[in-house]
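> Below are the sequence and a predicted model for it; my questions follow.
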Amino acid sequence: MNAPDDGGPRRAPARRAHLSTAVPFAKPVGEIPKGSLRHLRDEAEHCRRCPLWRGATQTVFGRGSSDARAMLIGEQPGDREDLRGEPFVGPAGRLLDKALADAGLARSALYLTNAVKHFKYEQRGPDRLHTRASAREQEACRVWLAAEWLRVRPRLAVALGAMAAQTLFGSGFRLSRERGQWLELEPHCRALATWHPSSVLRTPGTGRQRRYAELVEDLGRLAEALREPEP
């Protein structure tokens, strides 16, 4: 079970002394919403910043505790996530849970979200086939990721997949070349990028085993970092 996403004990003032209202990635277009995660989730349900809401069942907001030290950022919801309204509950989510367990991490210790909050798809008969959100759609949704970031203020972050990685590190970031490397986002926050679980599932043959092992290896780096004392 996930940890409650708000309503728990607030962080001690000393942990917030260094914080600003800026986010360490591309500045969102528009004012960043404020409030508890519960309030932000309710607000995001009515988001009309891009057309993706029209075909989606619901907004898929992040899940986890506002006190989580680490944030995992995926790309965008899939079919199962759209129907349930939670991130990482489909096949990719099950693989992520296995990788987290193999790396010695509990989902309940993390805040999980996506760069884009609505499911984008192409209808093929009875099936809804995932399609990639455009750059404009990603940009429109960035205010919600920024709002989550400012509420949680993670010390560590992991970008799952190229879209999330380029959201954090810029369009020049190449996952195949820079995967698994810690990069400083803020004076008190560092992040790395790794494979998205859906990418692992799409990889054929023995390449899937290798890519899964690399995902677990990178999540193991997160587990090690979480064992370090906070500054």
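Received, thanks.
> What residues of stretch 91-102 count as buried?
A92, G93, L95, L96, D97, A99, L100 (16 or more other Cβ atoms under 10 Å). Yep, even glycine has a C-beta here, placed from its N, CA and C like the rest.
> which residue ranges form the helices in this structure?
With DSSP state H as the criterion, the chain has helices at 13-16, 37-44, 79-84, 91-103, 135-152, 162-169, 175-178, 197-202, 206-227.
> Determine which stretch of those helices is the most buried.
Neighbour counts (mean count of other Cβ atoms under 10 Å) averaged over each of those peak at helix 162-169, with a mean of 23.
> helices or strands next to it in the packing?
Counting contacts by 3 or more Cβ pairs under 8 Å, 6 or more residues apart in numbering; DSSP states H and E, helix 162-169 is packed against strand 70-74, helix 135-152, strand 156-160, helix 175-178, strand 189-194.
> Tell me which of the helices of the chain sits nearest to D67.
Proximity to D67, assessed across the helices of the chain by Cβ to Cβ, is greatest for helix 135-152 (7.9 Å).
> Can you list the low-confidence ranges for this structure?
For the chain, the stretches flagged by pLDDT under 70 are 1-21.
> Need the helices and strands packed on helix 162-169 in TSV (columns: distance to C47).
Formatted as TSV, these follow (distance: least, Cβ to Cβ, whole Å):
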stretch	distance to C47
strand 70-74	18
helix 135-152	7
strand 156-160	22
helix 175-178	28
strand 189-194	25
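> Show me the one of those that comes nearest T57.
helix 135-152 (16.3 Å).
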